[in-house]
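Predicted model follows, preceded by the sequence.
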Amino acid sequence: MPTIPRSSGAHSAASSDTIADFTKSLDVNVIKNLALAVRTKSGLHPSTPPVSPSPVLSCAVNTPPENGAYNVVYHLHFSDGVSWVIRIPYEEWGPLKSSCMRLDIIAMQYISSHTTIPIPRLHAYSYTTDNALGHPYMIMDEVQGTCLYDAWKDPSWWTGERRKENLFQSLAGYMTQLAGLEFDKIGRLDRSDDSQAEASHFVAPFPSGSELVGQADGPHEELGPFDSTRAYLMSLVDLRRPLEKDARGKAWCALAQMFVDALPDARYDSAPFTFDHPDFNTQNIFVDDTGRVVGMIDWDGVSIQPRQIGAMCYPTFVTLDWNPGTHGADPEEMHQYRQMYAEAVRIASDGKLDAVVRTSHVAECVCASASSGFEAGMVLIRLGEYVFGSATVTLDVLEGLEHGSWLTIPADEIARVKLWHGPDDDASSKATDNLEDNVKAEKAVKVNGWVRRISGWVRRKVLNAVRSWTPTATKSAGEAREAGREATSQRVEPTSG
């Protein structure tokens, strides 16, 4: 998955109380009867295969249901040994979510009919509340195997024939197939009618900008489709910019814009574009007793993306050291896993796609910095470390953006250079349009280690100081940098390691 999982809609996960109340509102008997109807009636939906009615067929609904971030899941066990699941969203439903679910189903059906990727077979669905259950739902096969989430970090599981090489080889094979489904635009797959005919499919806009930047209150206009990676990523920055009301937020957007212009690989700016897996992580991958993939679930929000953000990105669980929400990931171990996955892609694609995946985690971070309000601050710090080699220099750049002319001089004024040397500088008002004078001013004021190299222990202090620094937090770039200065002033001798 993406380094920073992209939201499939502008919402946050509900509380446990909300889920419990929702579950109580569901009638298990209605779920059972719906499942039996799908098994025994061929006319319920065109995707449902005919099954001979059986007077002795029964269905047991496991309760309580499992729940994820946005759905409750009931396991359905039929008396003839067949097992299905029904997924029911517990969010407040409306036209936008209905449209998004419809597009999810279209994409899943397209991928299933064009690849061997083990997506659970979809037997019946409703993306509206106009049904016996009174809620949207999907009924599909139950996935067999072991959830990778339960096995990935357990050394005792990876013994004998269970090898992570098998996992990467099979996963790379499926994602290479996904990369083979190529499109000329970035957006959501749609179709002009209910047929599965190839000609009926086309790339449509994203139904809402809120789907991409995770803002429940907008923007709600359609977005795209896009002809280039840069146009797509810049549109995400442009969506976020009006939502940032202070100098801090505008500085984040400005640095994200700079990274969008500089970092994505120009070779992959134009078509072809590919499907993504919106949450390419361990909880959505199932493996057999050899570690090979036998199921991939949770395609909510699946869209057509730039290749390095789509099918040819790394799985999230091998980029944890680039994920600002993750603590304790060993960068060297993660790097070795990325090498293994890139090699598996090279083999699966006959040497055609490993170059695409190799730096895809950088492109993923750029996308997250442009679209993710909650995580953008720390993503920018990580990208700054990659570009500048220092978290402190990145903080300096952000602080400078807050005070420099680019973002502070009104658009209707003539642009000029306005120097700023730090919070303790009384010479910041001495800016001129004369380069020589400005250079002298720079040399005259060197504030507290401005653009200096810092030791490893100070770097850790700075990172700890900004762990909670995000666009929705209260600390400005300057405050975060001051926290780093305070840590510096309380110096202790670093320990080894």
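Happy to help now that I have it.

Residue 110 falls within a strand, correct?
No. With DSSP: H, G, I helix; E, B strand; the rest coil as the criterion, residue 110 is located in helix rather than a strand.

residue contacts, it?
181, 189, 201 (C-beta atoms under 8 Å, 6 or more residues apart in numbering). Bear in mind the C-beta positions are built from the backbone N, C-alpha and C, glycine included.

Now do stretch 343-356: everything it contacts.
With C-beta under 8 Å, 6+ apart, stretch 343-356 has contacts from 165, 168-169, 171-173, 175-176, 179, 268, 307-308, 312, 342, 357.

Tell me the most packed of these, by neighbour count.
residue 175 (32 neighbours; other C-beta atoms under 10 Å).

Distance check, the nearest residue to residue 283 once chain neighbours are set aside against residue 316.
Nearest residue to residue 283, sequence neighbours excluded (C-beta to C-beta, 6 or more residues apart in numbering): residue 149, at 4.3 Å. Distance of residue 149 to residue 316, computed by C-beta to C-beta, to the nearest Å: 11 Å.

Common neighbours of these two, please.
Common neighbours of residue 149 and residue 316 (C-beta under 8 Å, 6+ apart) are 281, 282.

higher neighbour count, those two?
residue 316 (24 against 14).

wouldn't that one be in contact with residue 281 here?
Yes. Assessed by C-beta atoms under 8 Å, residue 316 is found in contact with residue 281 at 4.2 Å.

burial of residue 348, as a residue count?
Counted with other C-beta under 10 Å, residue 348 comes out at 22.

From residue 335, how far out is it?
According to C-beta to C-beta, residue 348 stands 20 Å off from residue 335.

Could I get the contacting residues of residue 311?
Shown in contact with residue 311 (C-beta under 8 Å, 6+ apart): 175, 176, 178, 179, 181, 274, 275, 276, 277.

ok, the third one to residue 116 distance?
The spacing between residue 178 and residue 116, counted by C-beta to C-beta, is 11 Å.

where do the strands sit along this protein?
59-61, 66-67, 71-78, 83-89, 122-126, 137-141, 146-147, 188-191, 201-204, 274-275, 285-287, 293-296, 304-305 (DSSP state E).

May I have the strands that pair with the third one, each with its orientation?
Taking DSSP bridges as the criterion, strand 71-78 pairs within the sheet with strand 59-61 (antiparallel), strand 66-67 (antiparallel), strand 83-89 (antiparallel).

Could you export those strands to TSV, including columns for mean pLDDT, mean neighbour count and distance to residue 212?
Listed next are these as TSV, based on pLDDT from 0 to 100; neighbours: other C-beta atoms under 10 Å; distance: least, C-beta to C-beta, whole Å:
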stretch	mean pLDDT	mean neighbour count	distance to residue 212
strand 59-61	97	17	36
strand 66-67	91	15	25
strand 83-89	97	21	19
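
Quick check: which of those is nearest to residue 21?
strand 66-67 (12.2 Å; C-beta to C-beta).

chain center to the closest one: distance?
Taking C-alpha atoms, centre = their mean, to the nearest Å, one finds strand 66-67 lying 21 Å from the centre of the chain it belongs to.

Give me the contact list for it.
Contacts of strand 66-67 (C-beta under 8 Å, 6+ apart): 19, 23, 72, 73, 75, 90.

what about residue 178 and residue 116, which has more around it?
Taking neighbours as other C-beta under 10 Å, residue 178 and residue 116 compare with residue 178 leading, 20 against 9.

Helix or strand with the lowest mean pLDDT in this protein?
Of all helical and strand segments in the chain, the minimum by mean pLDDT, DSSP states H and E falls on helix 477-489, at a mean of 41.

What distance do you get for residue 396 to residue 366?
If you go by C-beta to C-beta, the gap between residue 396 and residue 366 works out to 20 Å.

next one: residue 201
In terms of C-beta to C-beta, residue 201 sits 29 Å off from residue 366.

out of the two, which sits in the more crowded spot?
Neighbour tally, residue 201 and residue 366, criterion other C-beta under 10 Å: the higher count belongs to residue 366, 26 against 17.

Isn't that one up against residue 261?
No. Residue 366 is beyond contact range of residue 261, at 9.8 Å (criterion: C-beta under 8 Å).

can you tell me which residues contact residue 247?
402, 403, 407, 408, 476.

Sort these by pLDDT and name the bottom one.
Within these, pLDDT reaches its minimum at residue 476, with 40.

Dump the contacts of residue 311 to a markdown table, plus pLDDT and distance to residue 253.
Formatted as a markdown table, the contacts of residue 311 follow (pLDDT from 0 to 100; distance: C-beta to C-beta, whole Å):
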| residue | pLDDT | distance to residue 253 |
| --- | --- | --- |
| 175 | 98 | 32 |
| 176 | 98 | 35 |
| 178 | 98 | 32 |
| 179 | 98 | 31 |
| 181 | 98 | 33 |
| 274 | 98 | 27 |
| 275 | 98 | 28 |
| 276 | 98 | 24 |
| 277 | 98 | 28 |
